[in-house]
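K.L.:
quick one, what's the 3D model for this:
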Amino acid sequence: MAQKVPVTVVTGFLGAGKTSLIRHWLENAGGRRIALIVNEFGDVGVDGEILRGCGIESCSDDDIMELANGCLCCTVADDFVPTLEALLDRDNPPEHIVIETSGLALPKPLVKAVDWPTLRPRVTVDGVVTVVDGRAVADGLFAPDPVAVQAAREADDALDHETPLEELFEEQLGCADLIIINKTDLIGDADWSDIEGRVREDARASAGLIKSTYGAVPPAVALGLDAAAEDDLDSRPSHHDDGQEHDHEDFDSRVFHLGEMQSEAAFQAALEQIAGDFSLLRAKGFIAVEGKPRRFALQGVGTRFQGYFDREWRDDETRGTAIVCIGEHDLDWAGLADAVNGIAA
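P.N.:
The predicted structure follows:
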């Protein structure tokens, strides 16, 4: 029997730095054939486009398979299995497959999917890598009031979760073989003990934990864990092991299509203000700037934004601005639309 192709599942909440991590792996692959499956929440594939624009010779468009506007953990049979089979059936199949999940996805269903009859003889889950936004943990994003949540837990053993964000965070940590606490440049020394304590609270005892900035973790550290996670499911508890259906009713997204902007800096500043006013969880996309041949890639977590000109607009593309905004379901989406559209007014 041919050797199984290793699969690495990369999970982590919105904006934790998954795409930056994968891009670093591609830039340092050393000729190894790595294929990507990128899953996004929203029908504009920002992460896939960023990876396609990375300019890495060994990473062709054919090596990036994108599944947008859906969650792989919910569409295993319809989307994930056929996509993985298509990669494996190539004349020159990849040596390693990396799956970047949506920031709202549960990793365990993907690990279970390797037990699919047509997949199990051909692939193995080399490891589940969870990327954590260390600054977000320090800011209490996953629990609005961490002290109050802990006090409530101690007072009532039946209380498991305070918010959907916290539950999702626990799911992603509880399945991980390796946890990467990213964005260390934004974290002060005094915050580290609290961050590591919060992460360890829900992590598996055997999970490794490392720190990074801009996802600069060598592939030799994260690829080749040999975890065979599909054979170790019992050590990866999930709130959905009882068959409870997983959905994203707590979260929603909107895509805003705008024209060219006079200034990328002014647009970014306006979007930062809007993100704070409407409590956005995530915003990302591309901006067309008047007089600039390159598109501006913009990424935001909460009110923390960063951007850069990534590549020139292609002749077959229509220059324009497209921004994906992700927030909780009960957000004032009509007000948000007025605010974002007002930037271009």
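K.L.:
residue ranges in the stretch 101-250 of the chain under the pLDDT threshold?
P.N.:
Scanning the stretch 101-250 of the chain for pLDDT under 70 picks out 143-164, 240-250.
K.L.:
all helices of it, in order?
P.N.:
When secondary structure is read from DSSP state H, counting those that start in this stretch, the stretch 101-250 of the chain shows helices at 108-113, 134-138, 146-155, 164-174, 192-202, 219-222.
K.L.:
who are the packing partners of the fourth one?
P.N.:
The contact analysis (3 or more Cβ pairs under 8 Å, 6 or more residues apart in numbering; DSSP states H and E) places helix 164-174 against strand 123-133, helix 192-202. Heads up, the C-betas are built off the backbone N, CA and C, glycines and all.
K.L.:
the last one now?
P.N.:
Using 3+ Cβ pairs under 8 Å, 6+ apart, the elements in contact with helix 219-222 are helix 18-27, strand 178-182.
K.L.:
next, the buried residues of that helix.
P.N.:
219, 222 (16 or more other Cβ atoms under 10 Å).
K.L.:
buried ones in stretch 198-215, by neighbour count?
P.N.:
Under 16+ other Cβ under 10 Å, the buried positions of stretch 198-215 are 198-199, 202-204, 207-208, 211-212, 215.
K.L.:
please apply the same query to stretch 309-322.
P.N.:
310-311, 319, 321-322.
K.L.:
and the residues you listed as TSV, adding pLDDT, secondary structure and distance to residue 290?
P.N.:
Below are these laid out as TSV (pLDDT from 0 to 100; DSSP: H, G, I helix; E, B strand; the rest coil; distance: Cβ to Cβ, whole Å):
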residue	pLDDT	secondary structure	distance to residue 290
310	84	strand	17
311	84	strand	18
319	93	coil	9
321	93	strand	11
322	90	strand	16
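K.L.:
spatially central residue in the protein, please.
P.N.:
residue 103 (3.9 Å; Cα atoms, centre = their mean).
K.L.:
that older thread, out of the buried residues of stretch 198-215, which comes closest to residue 81?
P.N.:
For those, the closest approach to residue 81 (Cβ to Cβ) belongs to residue 204, at 25.9 Å.
K.L.:
burial count for the nearest residue to residue 120 once chain neighbours are set aside?
P.N.:
Closest residue in space to residue 120, ignoring its immediate chain neighbours: residue 114 at 6.0 Å, by Cβ to Cβ, 6 or more residues apart in numbering. Neighbours of residue 114 under the rule other Cβ atoms under 10 Å: 23.
K.L.:
hang on, isn't residue 114 packed against residue 122?
P.N.:
No - using Cβ atoms under 8 Å, residue 114 makes no contact with residue 122, being 9.2 Å away.
K.L.:
now do the contacts for residue 173.
P.N.:
Going by Cβ atoms under 8 Å, 6 or more residues apart in numbering, residue 173 touches 130, 132, 179, 199, 202-203, 207.
K.L.:
if we go to 6 Å?
P.N.:
130, 202-203 (Cβ atoms under 6 Å, 6 or more residues apart in numbering).
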